[in-house]
Every structure is written in structure tokens, then in C-alpha cells.
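Asker: Using only what follows, build the 3D model:
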Amino acid sequence: MTRGALVHQVLDTAELGGGNLYALAVAERLRVDGANATVWCHHTGPAVGEAARRGLSVRTFDQSNLKRGGFGTLWQVARLAWKLRRAGGIVHVHSHVLYGFVRRAVKLAGAPAIAHVHIDAPAESYRWAFAQPPAAIVTCAEFLAAKVRDSLPAEALARTRIVAVPNAIDAAKFAPGDRAAAKQKVGAPTDASLVLMVANLSPHKGQLVALEALRLMRATGSGAHLWLAGVERGGTAFTAELRAFVEAHALGPCVQFLGQRADVPDLMRAADAVVLPSSNEGLPLTLLEAQASGTPVLAAPTAGVPEIVRHGITGLLIAHDDAPAYARELDALFADPARAGALATAALEQARARTFDAMYSQLRAVYATVQKG
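Answerer: So this is what the prediction gives:
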């Protein structure tokens, strides 16, 4: 990929989820390497603010009109195509669903495109999105690359490259440290085990399962605390449901809703365990970040999770809806520091091999191939 080349990073939402943070990190690195990067996002929101804070070039567009149908969609497609054609460069869309809505604009612009699959989805979703396939499809896990291949007809496969570029973390930010000092820094109790969950507040992420596991643990005498970092997208109904559960079971003193946090590395170092009982994932950054921080992880074996969590070796795999199992395994880990340490050590060695530099190098190779046509 040539110096000065332009890559458009098109974000799925205006929120700061893992896929958008990935896109912003790539845009920053492109700029450092002498390439140009423009971040495209739906109007205003945390992602726009974060991109601006990092000094990145930001453009906004109306996703709602793209999805509504009718004249508004045709106008938005034409407008987006005109902007992309004027700018030139590669278009990297960080959602296969969003790619399905912008693919006509990208085609009209004549721009080489990459669609990024960050999350597991039904096969029909991939077939719809890639009815007009991009030059390359990048997935965050090997599992997803295989699933996309199995989902698409032969004629679509003949027109696109499918490449797994596994997610990675910034090992300079996420690294082990003194847990007691980290707890003190973030204000966590130093005399209790801390369970951390870092994920957008959503039913499929499993916060209710984590709360039920805590309830079961407290009922048998555990002094554990649960902290939930993240915000609900597009409403407050699920947040209200979570808070109602906490109130109904008198868990208020041992549960904190942290909202969107900028100190996630410190939270990871402070936690005694990180949980993710999610029923729908890609390859979660939060688990990689926990492993790089030397914190044991317990997660559901969803999508690419088993690629980074080998049960009993680099973490524990538990069904997404099995709250009693999460409670039992957390209690067992807290009672056996040697076992918890062994899991964390094995995971740390694995996480250190998944560097941002390695991931970025693979992605640059994809960009170079797409740029050459």
C-alpha cells in the first residue's frame, strides 16, 4: 500500500463498541504510517467525539435514510457515492450489515471496498450483505471466515477474497500489574473478589446471567462484587431491567454500573475475573484485553471465543445461559489462587502473541491487494 493512500473507515454506529474502537485504532496507525484515513460515522455520538479527540478526519452520513427505502434512500446513496468518488481511496466498512446498505454507493463510486465481519450472524445475513461482494471480506476470527465461505454461493466467492485477521490488543496498555494497587486506583474494595464485565448493556451480552451468578454466590456466603462497564445502545429498557434485578435481590451494595469508561486497562488489572456469558460474538476484544492483563476469563463458547479461550488452559468455557455454572466456577477460582494464576499465565503468553502490530500488518497487506485490484 502506497504512502499517502486514503482509506475510509466506515463505522457501524455512533457508539464506542469493539468494532468502532478497532476502526479508530487502525485509522490512527494509518496516519502515523503516512497514509490518510477518514472516519465516516452516523451523525453525532461517542464515536465521533472520540475520533475528533484523536485528531482524525471525520465525515458524517445518514444511515437511517439508507435503510428506510424510497426516494430518501436513492438520494442518500447518490450523495454518498458522489462524496466517495470525489475523495477516492479504499472503503473499509466495519459491519457486513452496513456494507449491505452502502454497497450500491460504493459501486457507483467505483471504489475498492472491504467489508469487515466483527460478529457472528445467520448465513442468510451474509448472503444478503454480499449479494454484490466487495473486493475483500475480512473477519475477526477463523470461525467467521469459514462461516462466510460456507454461506456464499460460488459466484460470490469467485469475486471476493475472504481473509481472517484475528483481533489483537495493545500490549502496552493492557498488561499485568499489582492487583491491590489497581483496586485502590479504581476504587474497588480491596477485601473482596471483583468480577468484571466490559460489554455494551444488551440481553445477548449476558449481564443478567452475570447478575444471577452473583446472586447465587452471595446466597452461599461469597463476598464477591460485580462491576458492569458499558452502556445500552438505543434506549434504556434493558438497563432498567438490570437495575430492577439488583434492587429486587438486594445486590446494590455489591454491584456497580460503571457506564462508558476510559480506564478499562486499570479495571482489567483490578479484576479477579472477567466474565462474558454472551450468546452472540465475533472474537471479543474484552477477553483478549483481560488475558493480556493477567486476569482469568470465563466466557461462553460463542463464535471465535474458543480460538482464544481453551477450556481449563487459558480460561473457562461455560454455556451462555448457565448462571449456576458461572457461580460455581467463580467460587472455585477464588478459592484456588494457584489455579487462577495458572489460567492467567497461559492466557497471557497467548495474548502477547496477538499484537496490534501483527494484526495491522495483515490488514495493510489486504489493503495493498485491494488497491492493486
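Asker: what ranges of the stretch 1-150 of the chain fall below the confidence cut-off?
Answerer: Within the stretch 1-150 of the chain, the ranges that satisfy pLDDT under 70 run 1-4, 67-72.
Asker: which residue ranges form the strands in it?
Answerer: For the stretch 1-150 of the chain, the strands defined by DSSP state E, counting those that start in this stretch cover 6-10, 36-42, 57-61, 90-93, 113-117, 136-139.
Asker: The stretch 251-373 of the chain too?
Answerer: With DSSP E, counting those that start in this stretch as the criterion, the stretch 251-373 of the chain has strands spanning 255-259, 273-276, 297-299, 316-317.
Asker: now these in a markdown table, with distance to residue 289?
Answerer: Every C-beta, even on glycine, is put in place using the N, C-alpha and C of the backbone. A markdown table is the format used below for the strands of the stretch 251-373 of the chain (distance: least, Cβ to Cβ, whole Å):
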| stretch | distance to residue 289 |
| --- | --- |
| strand 255-259 | 15 |
| strand 273-276 | 8 |
| strand 297-299 | 10 |
| strand 316-317 | 17 |
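Asker: Any idea which of those gets closest to residue 348?
Answerer: With Cβ to Cβ, the closest approach to residue 348 among the strands of the stretch 251-373 of the chain belongs to strand 297-299: 11.1 Å.
Asker: Could you spell out the sheet neighbours of the closest one, each with its direction?
Answerer: Strand 297-299 pairs in its sheet with strand 273-276 (parallel), strand 316-317 (parallel), by DSSP bridges.
Asker: ranking those strands by burial, who's on top?
Answerer: strand 273-276 (a mean of 27; mean count of other Cβ atoms under 10 Å).
Asker: got the CA coordinates for that one in CSV?
Answerer: Written as CSV, here are the backbone C-alpha positions of strand 273-276 (Å, rounded to 0.1, in the frame of the first residue of the first chain):
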residue,chain,number,x,y,z
ALA,A,273,-12.0,-12.5,37.0
VAL,A,274,-13.6,-11.2,33.8
VAL,A,275,-16.8,-12.8,32.5
LEU,A,276,-18.6,-12.7,29.2
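Asker: distance between that strand and the chain's centre?
Answerer: 15 Å (Cα atoms, centre = their mean, to the nearest Å).
Asker: go on, stretch 140-153?
Answerer: The answer for stretch 140-153 is 18 Å, by Cα atoms, centre = their mean.
Asker: which of the residues in it are buried?
Answerer: The neighbour-count check on stretch 140-153 (16 or more other Cβ atoms under 10 Å) flags 140, 141, 143, 144, 145, 147, 148, 151, 152 as buried.
Asker: For the first one, give its distance to residue 132.
Answerer: I take that to be residue 140. Separation of residue 140 from residue 132 (Cβ to Cβ, to the nearest Å): 22 Å.
Asker: The fourth one too?
Answerer: In this structure, residue 144 lies at 20 Å from residue 132, with Cβ to Cβ as the measure.
Asker: which of the strands of the stretch 1-150 of the chain is buried the deepest?
Answerer: By mean count of other Cβ under 10 Å, these have strand 113-117 as the most buried, with a mean of 28.
Asker: by contact count, what packs against it?
Answerer: strand 90-93, helix 96-109, strand 136-139, helix 356-372 (3 or more Cβ pairs under 8 Å, 6 or more residues apart in numbering; DSSP states H and E).
Asker: Not counting that strand itself, show me its contacts.
Answerer: For strand 113-117, the surrounding residues in contact (Cβ atoms under 8 Å, 6 or more residues apart in numbering) are 19, 90-96, 99, 103, 106, 126, 129-130, 134-140, 144, 148, 282, 366-367, 370.
Asker: Give me the distance from that strand to the chain's centre.
Answerer: 15 Å.
Asker: Would you mind measuring from residue 212 to residue 246?
Answerer: Residue 212 is 11 Å from residue 246, by Cβ to Cβ.
Asker: Equivalent analysis for residue 117, please.
Answerer: From residue 117 over to residue 246 (counting by Cβ to Cβ), the distance is 35 Å.
Asker: ok so, going back, between the strands paired with strand 297-299, which one is nearest to residue 359?
Answerer: strand 273-276 (20.2 Å).
Asker: what's the average pLDDT for that closest one?
Answerer: Strand 273-276 shows a mean pLDDT of 98 in the predicted model.
Asker: Same question for stretch 175-191.
Answerer: Mean predicted lDDT for stretch 175-191 stands at 96.
Asker: Residues contacting that stretch, please?
Answerer: 194, 223, 225, 227, 263, 265-267, 269-270, 272, 292-294, 348.
Asker: circling back: return the closest of the buried residues of stretch 140-153 with respect to residue 286.
Answerer: Using Cβ to Cβ, the buried residues of stretch 140-153 come closest to residue 286 at residue 140, 12.8 Å.
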